[in-house]
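Participant: Fold the following.
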Amino acid sequence: RDLKYEKLTKTEIINDLKDYDIILPQKSILNRTIHNTVKHRLTITPEYGPKIEDYDKLTKVIIEKFPEYYDVYIDVMHGKEAYENNMFIWSSRFSDRYLEWLFEVLNIVRSEVDLNTYAPDNKRVFGFMSELLLNVYAKKHELKIKEHYLYCSERKFPIVHIIERRCPRLRNIEYRLANL
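Facilitator: This is a model prediction of the structure:
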């Protein structure tokens with residue numbers, strides 16, 4: 001099959017999960033570190049994405065409440081590679097633990113973030129943070145990662161419903177992130 005343009009099959013997913021802990025879209029390689037990329041994007045388009053002070057709040061939460069993740073968090077922030085798009089497939093034994101940790105972190109950060117300072121279409125602050133935190137969690141727990149290209153339809157939108165249909169636990173994750 002043409003790996004860039006064909007959907008994953010159920011059989012491929014099942015087989016991948018026999019040998020790997022998680023399936024992710026192909027890793028992005030950045031020109032700058034994640035930390036510098038965030039600062040650069042906010043300099044160019046300050047209205048887009050989380051504010052730098054909200055990333056500072058996330059860092060503070062990691063330091064104070066989850067210190068065992070701090071070194072990996074710093075490594076990820078100073079790295080030039082990242083798994084993006086908040087899309088993943090893994091067994092419930094991993095996803096349950098990850099989602100519990102993720103929402104614990106984000107709920108603490110949420111109590112300190114003023115969403116009223118964001119334009120309505122840029123309140124995805126927790127979606128951006130969760131992309132970062134997936135990388136932190138995967139690295140901290142040394143997950144075996146299988147990468148696949150992100151398949152897009154003719155409309156050029158990710159085919160999220162395919163993954164949701166095969167992994168029903170993920171159906172409401174974007175909704176849950178948006179409503180933290």
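Participant: which residues in this protein form helices?
Facilitator: Using DSSP state H, the helices found in the chain span residues 10-19, 34-44, 52-65, 70-77, 92-110, 125-140, 160-166, 173-178.
Participant: could you measure the most centrally placed residue in the chain against residue 116, distance?
Facilitator: Centroid check for the chain by Cα atoms, centre = their mean gives residue 131 as the closest residue, at 2.1 Å. From residue 131 across to residue 116, the span is 23 Å (Cβ to Cβ, to the nearest Å). Every residue, glycine included, has its C-beta placed from N, CA and C.
Participant: got a list of what residue 33 touches?
Facilitator: 77, 78, 79, 80 (Cβ atoms under 8 Å, 6 or more residues apart in numbering).
Participant: Can you report how many residues lie near the last one?
Facilitator: If you count neighbours by other Cβ atoms under 10 Å, residue 80 ends up with 13.
Participant: now the one 3 residues further on
Facilitator: Neighbour count for residue 83, taken as other Cβ under 10 Å: 21.
Participant: Against residue 64, how distant is residue 40?
Facilitator: Relative to residue 64, and taking Cβ to Cβ, residue 40 is found at 27 Å.
Participant: if you count what's nearby, which of these two comes out ahead?
Facilitator: Taking neighbours as other Cβ under 10 Å, residue 40 and residue 64 compare with residue 40 leading, 14 against 10.
Participant: Report the separation between the more buried one and residue 10.
Facilitator: From residue 40 to residue 10 the distance is 40 Å (Cβ to Cβ).
Participant: do the same with residue 39
Facilitator: 41 Å.
Participant: Kindly reformat the helices of the chain as CSV containing distance to residue 28.
Facilitator: Converted to CSV, those look like this (distance: least, Cβ to Cβ, whole Å):
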stretch, distance to residue 28
helix 10-19, 20
helix 34-44, 10
helix 52-65, 18
helix 70-77, 13
helix 92-110, 20
helix 125-140, 10
helix 160-166, 18
helix 173-178, 19
